[in-house]
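In: no FASTA, just this:
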């Protein structure tokens, strides 16, 4: 019995552990989830109180959803290109991903503008005000991802250092897919609980 | 004292240290800036945290002395206060706005900046890599950022003390509408904005720290260090970090909505209330101040465990070392920490029993709240059984550990009163609450922190703190803490409400005038003794008796296998391998067996 336990222990010690930076990211994602969970539960609580107002969901949100889904695909392709050491393709793909991210943010802002012009300003505390804050903070998180990609981009073009360590790009791609999924959740939330 | 016995133990220990530093130099050169300011070494970051925390503790303690002066002597004018505070103490008497600012800042500073930043920041940073056998944190850079965000938060908070309209004054819980409405009071203006910004920075600092602590503990343990071989300090810090990472973001959400209510005209928390100062009703509609309370206490309750769990961990470890016995019920200790962590998220509404909460919902929260008594009682039982028949060494650290248990019992018992929603109708917002939380989380957590400082100071600075001063510090603080807070229970049961600056005109409570004066006097004495502790700390850094052996307390854990003054990287050669749990004291006729020693052939099971 004891030898069996010792054997499993050594095996589990030898198994390749997850890279600490990746793990840190996962824990960080947990805390971002808690932040948005707080917002959406505040939304649910608030919805049941008098004076709740709603708004029309603009079509641009569907476009931005498509854009962020596309960016996830290009991100995944970029990771594959990096692992295949196809640096040319990798550079093109992370540039594309970052541009799609910027496009997503722009589309979000355009949607805000449309809602704003239907008369939903910051006055009040209905679905519109929540949307500005929640989707706005989400856009900030996407912006953080774009900045991370810019850092990777300059690293990829630096002649001084050539790095084939895939951890940074994997961390960035996990984060990118996360903000994508987060937006899908938020979008469904706004469509559903309206 | 037994540490004298080991003085002659290892004469040549300093040598590998020097060798190590030589060895390190060629791959990263340390300048003054990288070594002492923007350091990425977890040991230096922990020192930065404790010293910043001490500065905050002095400031926060001084605030309490000021308002205790007011409470003890409401009719007396103190001209020196006007010299010191200017218009806030016109005619030598503390003005009402400033009194509120003082209690608000006292709470904020001690809860967040001292007992969260100062306590977790110090011991998580110092002990995690050293006790689990890692060279540093998972991300030393994030760790450095965590300190500097704490520092920025501190600078913003200190600067709020100097704005013309004064610092935030709506209570440390910053309930709207006082916190959401600039017109509501002096402290609701610029001071409140700075308060929110500072707290947001503080949340970022806690999150960066917490992420690092969790991933370091789970991923960077040395060979052989399975989770159940970890010292209880590390378990406690792990659960603390999990609590922080899951609850602080919720507080941040609450603050973001608060900022929008303050500046963008939204009505998340504000409704059409009438404001006396402007003689107008607000244009806002439909806001709910209770929503903020939910968001706040969803952090606020885990926060009290964020404060107390590290203290519990430190106490458990110090107690095992100084009774020369294994900690009683190691797995029960871990299990109860886990239970407390889960329950911490399920009890927040017990702070809101009198907000018009549905009484049925209230009774659910009563049940969940009282359930916390079970893991707490398990822990207390285990500490007492660890002491039982122990070969106790009454070092200052050990005294503080025992003091912690005493205070935790005293304060925990009143928690059972307050956890009942029916009793809470009478007791809420009285001095009974003040007495309860100051004993169970304020003074207790401080005792845990002192216990940790006295015990690990030799590892931090390679010198001992002065024992005479430490014993005076302990006895005066313990007796003083009870003398300050015990009478407050009676005042609270009599219905004396908190947050008033003068009770003398109140027929029901002016009988307590003498008692208040007594409490104030003791508070000042206790504060003075804390200054002596600070003096002892800094004096001992430079002049304390040198540590001459690697393992002065005869402890089993890994930090005592590192050189007396470890360099960046902690161990000069290989990281030690671990073969046993952290509590092999008094085993097979041996005083202690270090974690690095392989299990012998004829060794008994623990």
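Out: Structure's in. What do you need? All figures in this text were calculated on a predicted structure; none of them were measured in a lab.

In: from memory residue B:154 sits against residue B:56, does it?
Out: Yes - the pair residue B:154 / residue B:56 is scored as a contact, 6.9 Å apart, by Cβ atoms under 8 Å. From N, CA and C alone the C-beta is placed, and that goes for glycine too.

In: hey, what's in contact with both of those two?
Out: residue B:113 (Cβ atoms under 8 Å, 6 or more residues apart in numbering or on different chains).

In: if I pick residue B:502, what's in contact with it?
Out: Counting by Cβ under 8 Å, 6+ apart, residue B:502 has contacts B:70-71, B:74.

In: tell me which of these is nearest to residue B:332?
Out: Minimum distance to residue B:332 across the contacts of residue B:502 is 42.1 Å, recorded for residue B:71 (Cβ to Cβ).

In: can you give me phi and psi for residue 120?
Out: Just going to use chain A. Main-chain torsions, residue A:120, degrees, to the nearest 10: phi -90, psi 90.

In: Chain B was what I was after
Out: Taking degrees, to the nearest 10, you get phi -60, psi -50 for the backbone angles of residue B:120.

In: One more: residue B:591?
Out: Per-residue torsions, residue B:591: phi -60, psi -50 (degrees, to the nearest 10).

In: which residues of chain B fall in strands?
Out: Applying DSSP state E to chain B gives strands spanning B:274-275, B:280-281, B:585-587, B:590-592.

In: Please identify the pairing partners of the last one and their relative orientation?
Out: Read that as strand B:590-592. strand B:585-587 (antiparallel) (DSSP bridges).

In: Please list the outside residues in contact with the strand it pairs with.
Out: Under Cβ under 8 Å, 6+ apart, the answer for strand B:585-587 is B:320-321, B:323-326, B:391, B:556, B:591-593, B:603-604, B:606.

In: which bits of chain A sit near chain B?
Out: Within chain A, the positions near chain B by Cβ under 8 Å from any Cβ of the partner chain are A:9, A:13, A:17-18, A:20-21, A:23-24, A:27-28, A:30-32, A:34-39, A:42, A:45-46, A:49-52, A:121-126, A:129, A:133, A:137.

In: In ChimeraX, how would I select just the buried ones from these?
Out: Selection of buried members from the residues of chain A next to chain B for ChimeraX, criterion 16 or more other Cβ atoms under 10 Å in any protein chain shown:
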select /A:20,21,23,24,27,28,31,32,34,35,36,37,38,39,42,46,51,122,123,124,125,126,129,133,137
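
In: follow-up on the earlier one: and the least confident of the contacts of strand B:585-587?
Out: Lowest in pLDDT among the contacts of strand B:585-587 is residue B:606, which has 64.

In: Run through the chain and note the low-pLDDT ranges.
Out: You didn't say which chain, so I picked chain A. A:1-16, A:159-163 (pLDDT under 70).

In: I was after chain B.
Out: Scanning chain B with the threshold set as pLDDT under 70 gives B:1-29, B:606.

In: from it, which residue is nearest to chain A?
Out: Here chain B gets closest to chain A at one residue, residue B:286, 2.6 Å apart by Cβ to the nearest Cβ.

In: Let me see the contact set for that residue.
Out: Residue B:286 makes contact with A:49-52, A:124-126, B:267, B:271, according to Cβ under 8 Å, 6+ apart.

In: Mind putting those residues into TSV with distance to residue B:426 and secondary structure?
Out: Shown next, in TSV, are the contacts of residue B:286 (distance: Cβ to Cβ, whole Å; DSSP: H, G, I helix; E, B strand; the rest coil):
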residue	distance to residue B:426	secondary structure
A:49	30	coil
A:50	32	coil
A:51	34	coil
A:52	36	coil
A:124	39	strand
A:125	34	coil
A:126	39	coil
B:267	34	coil
B:271	29	coil
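
In: Turn those residues into TSV, including distance to residue B:141.
Out: Shown next, in TSV, are these (distance: Cβ to Cβ, whole Å):
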residue	distance to residue B:141
A:49	44
A:50	49
A:51	47
A:52	45
A:124	43
A:125	40
A:126	42
B:267	41
B:271	45
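
In: And the strands in chain A, which stretches?
Out: Using DSSP E, chain A contains no strands.

In: Tell me the residue of it that sits nearest chain B?
Out: Taking Cβ to the nearest Cβ, chain A has residue A:51 as its residue nearest chain B, at 2.6 Å.

In: quick one: that residue and residue A:123 touch, right?
Out: No - if you go by Cβ under 8 Å, residue A:51 and residue A:123 don't touch, sitting 11.3 Å apart.

In: ok, now which ones touch residue 152?
Out: By default, I'm working from chain A. A:94, A:168-169, A:172.

In: my question was about chain B
Out: Counted by Cβ under 8 Å, 6+ apart, residue B:152 has contacts residue B:201.
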